[in-house]
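**Student:** Build me a structure from this.
(chains A and B, ligands or ions: 2)
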Protein chains: 2
Amino acid sequence: MYKERIKRTGLESRIRTAEEAASLFRDKMVVASSGFTKAGDSKAVLKALATRAAAHPLQITLITGASLGHGTDGLLTTAHVLHKRMPFQVDPVLRHGINTGEVLFMDQHLGESAEIINEKIIPAVDIAIIEALQINEDGSIVPTTSVGNSPAFIAAASKIIVEINLSVPLSLLGVHDIFSTGSWPDKKIIPITNAGTRIGTNAIAVDPEKIVAIVLTETTDSPAQINERDDKTRAIAGHLLQFFEQEIKKGRLLPSLRPLQSGIGKVANAVMEGFMDGNFHDLTMYSEVIQDSAFHLIDAGKLNLASASSITVSQDCYNRVFSDFDRYKPHIVLRPQDISNAAEVIRRLGVISINTAIECDIYGNVNSTHIGGTHMMNGIGGSNDFARNAYLSVFVSPSSSKGGAISHIVPMASHIDNTEHDVDIFVTENGIADLRGLAPRERAKLIINNCAHASYRDELNDYFTEACKAGGQTPHLLQEALSWHARFKENGTMLRTIPV
Amino acid sequence: MYKERIKRTGLESRIRTAEEAASLFRDKMVVASSGFTKAGDSKAVLKALATRAAAHPLQITLITGASLGHGTDGLLTTAHVLHKRMPFQVDPVLRHGINTGEVLFMDQHLGESAEIINEKIIPAVDIAIIEALQINEDGSIVPTTSVGNSPAFIAAASKIIVEINLSVPLSLLGVHDIFSTGSWPDKKIIPITNAGTRIGTNAIAVDPEKIVAIVLTETTDSPAQINERDDKTRAIAGHLLQFFEQEIKKGRLLPSLRPLQSGIGKVANAVMEGFMDGNFHDLTMYSEVIQDSAFHLIDAGKLNLASASSITVSQDCYNRVFSDFDRYKPHIVLRPQDISNAAEVIRRLGVISINTAIECDIYGNVNSTHIGGTHMMNGIGGSNDFARNAYLSVFVSPSSSKGGAISHIVPMASHIDNTEHDVDIFVTENGIADLRGLAPRERAKLIINNCAHASYRDELNDYFTEACKAGGQTPHLLQEALSWHARFKENGTMLRTIPV
Ligand SMILES: CC(C)(COP(=O)(O)OP(=O)(O)OC[C@H]1O[C@@H](n2cnc3c(N)ncnc32)[C@H](O)[C@@H]1OP(=O)(O)O)[C@@H](O)C(=O)NCCC(=O)NCCS
Ligand SMILES: CC(C)(COP(=O)(O)OP(=O)(O)OC[C@H]1O[C@@H](n2cnc3c(N)ncnc32)[C@H](O)[C@@H]1OP(=O)(O)O)[C@@H](O)C(=O)NCCC(=O)NCCS
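**Tutor:** Numbering: from 1, shown residues only, chains lettered A, B, ... in the order given. Ligands and ions are numbered 1, 2, ... in the order given. Model (predicted):
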């Protein structure tokens, strides 16, 4: 079975076990691995490396596309393998290691994360581990369910370990579109003019001499968690869909909207599912990740094309889609993340981006990453690649959470990833704030009165009124600006009066 | 003399005085005006409008390219004409009006500021005032020393007032390169592949019927202030130039570097002047504004090409350059600001951007706009258009100022315009912090020890050490994070102990 997947003659002799491959790693190496939003990640070699480290301690810098699945980041953390990690993660064990300071984490814009490799800012990549569907006659590598940074890793690495995943159907062949802008001073235009434009090849070119080991695997991607719609997410989605309908009435949008980007999380999912019901049609996506909702919309004939860097779906959706992929392939393009998240293309296509905020302040600055201004949640991901260049940049969040103890609207954001300039629309279950064309003082009124939770609204209004007395473009009381976060840390709630 | 500048037959009859033109304005109008970094602004009509407002009060929304010269923004503020102002300003009187809340200010990325007009987010432009070199036979308008947002204003406005400035030499003809990406869904690629690529026309197309008045002027642009190099700016420039030389040695840069962007201010100027001495050659600029230093570098044969949206120079330089412009024209391209500041082009060309910060925090977040987190200085300008997409994003500032009362390195920035992700290099007179490839805790050590002023270094180190005990990706003590700013407000100094 694996023979049909190694078409390059002579390479079969490089088949190794994961353990054998893991023995190639040395202390202080820079290691790159495929994997983007848990799709197409290394399933065998990184795990074997974690095991091996118990007997042979070593520390590496690990660079991926985005998050890994299968608890791999946690295993590597527990085995003390990670000296430095970039550009994104979602693992609770690694998160803890980052926040204690054990693991150095470089939280990077996903669309720019290949740059420090391409431009040789960090030491050269020693080994790249790439999950592949097959190796072609010319040695080129066909990725699986994600492309991520793999083209950059393959170009930069001195050694490559290929994990051929036999469980991924060969019908994926042709879904990828590999394109590189090349290097300065001859960086190429990215000639994408609609979400589906194909500009590249189906496989990643490689010097076959660099392939030092081929490992066979059969493990499927970690399934995405299904976030059922609840009252809050349904309400948020409702406000946003109503807004889109109004924009259509005003002639600013068509029922096909503009290419959509949608982040991961409960709310983004609920919004996408909401398109099933509305009068929207001929939708397209230009996003990072294709999730369950996209396939529902394709099935319903609502979504014509979805372009992204990965497919990350639930187990049910995975089984359904990959057993019949020829049916979906005409609707899907998988691109390298510096193309899926390219400023150039996002601006040109006029993307509508929808991302989840950890918190938003009264002037529209969004924190996407740091709880209480200090503790890393996941990372900035592609949120600012999209929000910065989108035609319409939407951020969503519940107004409060943890039984009301957390207000997601705060006087001052404790960390800022997406500045007031890059946030057009903010939505909670209470309502929507359309911030476009407004000065900060105008925005504050909308955000507080339309979006904040009732139990925090008065205090926010008091804060704003008091702050305005001291003046400024973004009035603040510096001694109080971060007091809600300090309160939460001390009392476990941001509420002024602690409920007894 | 003016006849040769109005080549379109029939338009001469629309010549009016500034006062007559000013009588066309009504309360609540949306008015757009040419003008970018004080160059090519309205010199007569806006001033006449301010005068007229004394007798006929009215309030308008005023949109420009960037800052206006001649104190016009101040006159309009004093006359209470400004209801809302966007996207940038540098006027002390307007600044005061913004910070008291009298004028609503929309501080916008300059490269995106035409978007809310193009996409009809705000009410349509009623009147556009455009300074012009001449009106061509076909009615098209040739701008003067800046292009700014004029193409967008002309396309959107129902009425246009042209100020023909007879003092600007006709030798400027041909320096402009007017290009529009057009509208969604057919937005065009911006096919610029080097700083000098010309992709457009020499004049802005216009429906001549929209020209309701032509006003003749002879006032030259407000001259730029000359910032003489001093010990501090010289030291900052020295560190940065040494860094560039090291990058050349490491093979990451060539002596031609990459296209340079340089902000306004003392330090940026000192850096550009520094290229006169070093071993750099065949330099190019892809910037917002062309300043004195660029012409010195052209004269010295060091700079081959400068692309920007305006020319803003001192009076001496103005006289020298514009009396002999044919000599400089082959080296200069003036573009609309959505092209000079386009994410697409900045990323493709691999621009090196150099901008001045108001403050930087220990993790590399930069405040470019708000003093003490509240009071607007000028606006974000193009700083984030460039920093976000540059190959190398440099921010500079003195380590301290006002006799040591202000530390420009603070525990937490009181406002954030350029996030830690978009700041590669920070430089003060003390030294340079190369933040590329580093996690926040690594960056803190470099910023504090290489850049901070000696009198603040210990307290910063103490803060960082204490904060690390509480953990996190960006350790902070929320109760102290903004205390330096509060201290400055109360005591007039950020120093812990007030000197007696
Ligand atoms: C912001 C983000 C964490 C929200 O994701 P989500 O799945 O909707 O998150 P949840 O509401 O379950 O919140 C995650 C956790 O953070 C906590 N949290 C969220 N906001 C908080 C706040 N303001 N203060 C304290 N804790 C907060 C939640 O309580 C929850 O904690 P728990 O795990 O103990 O229950 C996530 O969208 C993200 O990482 N975004 C940044 C990256 C990004 O936008 N990428 C875009 C393209 S994928
Ligand atoms: C940041 C910026 C204001 C610095 O400009 P500069 O001419 O070098 O500024 P100065 O050092 O003279 O500072 C301007 C004023 O702000 C004050 N200031 C600067 N930093 C301060 C701080 N951290 N706290 C308090 N006051 C501060 C200065 O003391 C000075 O006040 P003064 O006028 O009373 O003397 C300016 O570069 C800017 O507006 N940048 C944002 C826009 C931009 O980057 N555009 C890029 C392309 S043009």
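**Student:** Would you state the predicted confidence (pLDDT) at the residue in the stretch 151-300 of chain A that ligand 2 sits nearest to?
**Tutor:** Residue nearest to ligand 2 within the stretch 151-300 of chain A: residue A:184 (22.5 Å; Cβ to the nearest ligand atom). To be clear about C-beta, it is placed using only N, CA and C from the backbone, and glycine gets the same treatment. Listed pLDDT for residue A:184 reads 90.
**Student:** Check the burial of it by counting its neighbours.
**Tutor:** Under the neighbour criterion other Cβ atoms under 10 Å in any protein chain shown, residue A:184 is assigned a count of 15.
**Student:** ok, it to residue B:386 distance?
**Tutor:** 16 Å (Cβ to Cβ, to the nearest Å).
**Student:** A strand includes residue A:168, no?
**Tutor:** No. The assignment for residue A:168, made by DSSP: H, G, I helix; E, B strand; the rest coil, is coil rather than a strand.
**Student:** How about the contacts made by it?
**Tutor:** By Cβ atoms under 8 Å, 6 or more residues apart in numbering or on different chains, residue A:168 lies in contact with A:133, A:144, A:145, A:220, A:322.
**Student:** mind running it again at 6 Å?
**Tutor:** Each residue near residue A:168 by Cβ atoms under 6 Å, 6 or more residues apart in numbering or on different chains is listed here: A:133, A:144.
**Student:** so which residue of the stretch 101-250 of chain A comes closest to ligand 1?
**Tutor:** Counting by Cβ to the nearest ligand atom, the stretch 101-250 of chain A gets nearest ligand 1 through residue A:227, at 7.3 Å.
**Student:** Quick check, that residue in contact with residue A:269.
**Tutor:** Yes. Under the criterion of Cβ atoms under 6 Å, residue A:227 makes contact with residue A:269 at 5.2 Å.
**Student:** between the two, which one's more packed in?
**Tutor:** Shown here are residue A:227 and residue A:269; by other Cβ under 10 Å, residue A:269 has more neighbours (24 against 18).
**Student:** CA atoms only: put the helix or strand containing the more buried one into PDB for me.
**Tutor:** Assessed by DSSP states H and E, residue A:269 sits inside helix A:266-274. The C-alpha trace of helix A:266-274 is given here as PDB (Å, rounded to 0.1, in the frame of the first residue of the first chain):
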ATOM      1  CA  LYS A 266     -17.800  28.700  19.400                       C
ATOM      2  CA  VAL A 267     -19.000  32.100  18.100                       C
ATOM      3  CA  ALA A 268     -17.300  32.100  14.700                       C
ATOM      4  CA  ASN A 269     -18.800  28.600  14.200                       C
ATOM      5  CA  ALA A 270     -22.300  29.900  15.100                       C
ATOM      6  CA  VAL A 271     -22.000  32.800  12.700                       C
ATOM      7  CA  MET A 272     -21.000  30.500   9.800                       C
ATOM      8  CA  GLU A 273     -23.800  28.100  10.600                       C
ATOM      9  CA  GLY A 274     -26.100  31.100  10.600                       C
END
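**Student:** Quick check: mean pLDDT of that helix?
**Tutor:** The average pLDDT for helix A:266-274 rounds to 85.
**Student:** ranges for the helices of the stretch 1-150 of chain A?
**Tutor:** A:18-22, A:45-55, A:72-78, A:92-100, A:115-118, A:150-156 (DSSP state H, counting those that start in this stretch).
**Student:** if you compare those helices, which one is most tucked away?
**Tutor:** Comparing the helices of the stretch 1-150 of chain A by mean neighbour count (mean count of other Cβ atoms under 10 Å in any protein chain shown), helix A:150-156 ranks first with a mean of 25.
**Student:** Hmm, residue A:337 and residue A:309 touching each other?
**Tutor:** Yes. Assessed by Cβ under 6 Å, residue A:309 is found in contact with residue A:337 at 4.5 Å.
**Student:** higher neighbour count, the two?
**Tutor:** More crowded of residue A:309 and residue A:337, by other Cβ under 10 Å: residue A:309, with 33 against 30.
**Student:** give the contact list for the more buried one.
**Tutor:** A:36, A:146, A:147, A:148, A:288, A:335, A:337, A:340.
**Student:** if you set the cut-off to 7 Å instead, what comes out?
**Tutor:** By Cβ atoms under 7 Å, 6 or more residues apart in numbering or on different chains, residue A:309 lies in contact with A:36, A:65, A:146, A:147, A:148, A:288, A:289, A:334, A:335, A:336, A:337, A:340.
**Student:** which of those residues are close to ligand 1?
**Tutor:** Among those, the ones lying near ligand 1 by Cβ under 6 Å from any ligand atom are residue A:288.
**Student:** Quick check: nearest residue in space to residue A:298, chain neighbours excluded?
**Tutor:** residue A:331 (5.1 Å; Cβ to Cβ, 6 or more residues apart in numbering or on different chains).
**Student:** same thing with residue A:466?
**Tutor:** residue A:477 (6.0 Å).
**Student:** and that neighbour, which of the three is it?
**Tutor:** Secondary structure, three-state DSSP: residue A:477 is coil.
**Student:** before we move on, the earlier item: how about the secondary structure of the residue of the stretch 101-250 of chain A closest to ligand 1?
**Tutor:** Per three-state DSSP, residue A:227 ends up coil.
**Student:** mind checking how far the residue nearest to it when sequence neighbours are not counted is from residue A:375?
**Tutor:** Closest residue in space to residue A:227, ignoring its immediate chain neighbours: residue A:266 at 3.9 Å, by Cβ to Cβ, 6+ apart. Using Cβ to Cβ, one obtains 21 Å as the distance from residue A:266 to residue A:375.
**Student:** who's in contact with the spatially most central residue of chain A?
**Tutor:** In chain A, the residue lying closest to the centroid (Cα atoms, centre = their mean) is residue A:381, at 4.6 Å. Contacts here follow Cβ under 7 Å, 6+ apart; on that basis residue A:381 touches A:66, A:88, A:110.
**Student:** Among those residues, which one sits closest to residue B:8?
**Tutor:** residue A:110 (51.0 Å; Cβ to Cβ).
**Student:** Many thanks, we can stop here.
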